[in-house]
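Chemist: sharing a model that was predicted from the sequence below.
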Amino acid sequence: AAKPIFAAVCDELRRRCPDRNALGRAWEALCVRYLIDERQMEWVGRPADMDEEARAAIGLGCARDVGIDLVARRGTQWVAVQCKFRSRGSVTWRELATFDALCGRSGPWHGCWVMTNTNASRRAGAPLPTDTCVGEQTWKTLDRAAWNRMAGCGEGCTLGGATCLDAREGRTEWLDRIEG
């Protein structure tokens with residue numbers, strides 16, 4: 001039986017990425033595609049990618065990575081994003097503490113999202129209305145058309161106008177796109 005798309009993508013990320021840093025960057029690139037293609041964000045990038053005025057407007061005076069991996073915008077609404085890829089287990093409160101603290105001291109945020117390949121993220125205290133976890137269950141609900149959109153493909157399994165010979169070839173070419 002064929003492996004579900006999300007599991008196959010995670011396996012391919014693990015296989016292709018030589019270390020944790022490369023795996024984290026590849027996961028972050030996948031999260032960017034999801035935010036643009038599936039959540040219709042108009043702009044997604046790292047805080048360092050923003051101009052100083054835009055960072056200041058949401059209380060991020062510093063351009064370096066201090067806890068918020070990505071910032072996304074739709075209209076005038078901003079979302080802070082933490083991206084976590086795990087080989088096993090869930091994302092712990094300790095791993096999210098800096099992100100949660102920075103979200104509380106900056107903004108205003110329409111959302112504070114954790115994007116992970118695991119089932120859960122553990123946060124301290126009661127969830128806030130802005131808290132969202134895009135986790136394994138969310139990724140698994142994406143159909144082939146969604147994965148193709150994130151790969152920049154049309155409907156069906158096509159890449160660059162040519163039909164893929166098999167799903168593995170398509171995933172490999174797709175990962176080349178998100179890593180590149």
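Modeler: That came through, no problem. Numbers count the residues shown, from 1 in each chain.

Chemist: strands of the protein, residue ranges please.
Modeler: Ranges of strands in the chain, per DSSP state E, are 43-45, 70-74, 77-84, 111-116, 131-134, 158-159, 162-163.

Chemist: and T118, how many neighbours?
Modeler: As a burial measure, T118 scores 18 neighbours (other C-beta atoms under 10 Å). Heads up, the C-betas are built off the backbone N, CA and C, glycines and all.

Chemist: what sits against the most centrally placed residue in the chain?
Modeler: Geometric centre of the chain, nearest residue: C31, 1.9 Å, by C-alpha atoms, centre = their mean. Listed by C-beta atoms under 8 Å, 6 or more residues apart in numbering, the contact set of C31 reads 69-70, 81, 83, 115, 134.

Chemist: need the contact list for G107.
Modeler: 58-59, 78, 80.

Chemist: got those residues as CSV, with pLDDT columns?
Modeler: Below are the contacts of G107 laid out as CSV (pLDDT from 0 to 100):
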residue, pLDDT
I58, 91
G59, 89
W78, 95
A80, 95
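
Chemist: compare those and tell me which is most surrounded.
Modeler: Using other C-beta under 10 Å as the neighbour test, those are led by A80, with 26 neighbours.

Chemist: partner residues bridging the closest residue to G135 other than its chain neighbours?
Modeler: Spatial nearest neighbour of G135, chain neighbours left out: T116 (5.3 Å); criterion: C-beta to C-beta, 6 or more residues apart in numbering. On the basis of DSSP bridges, T116 is bridged to K84.
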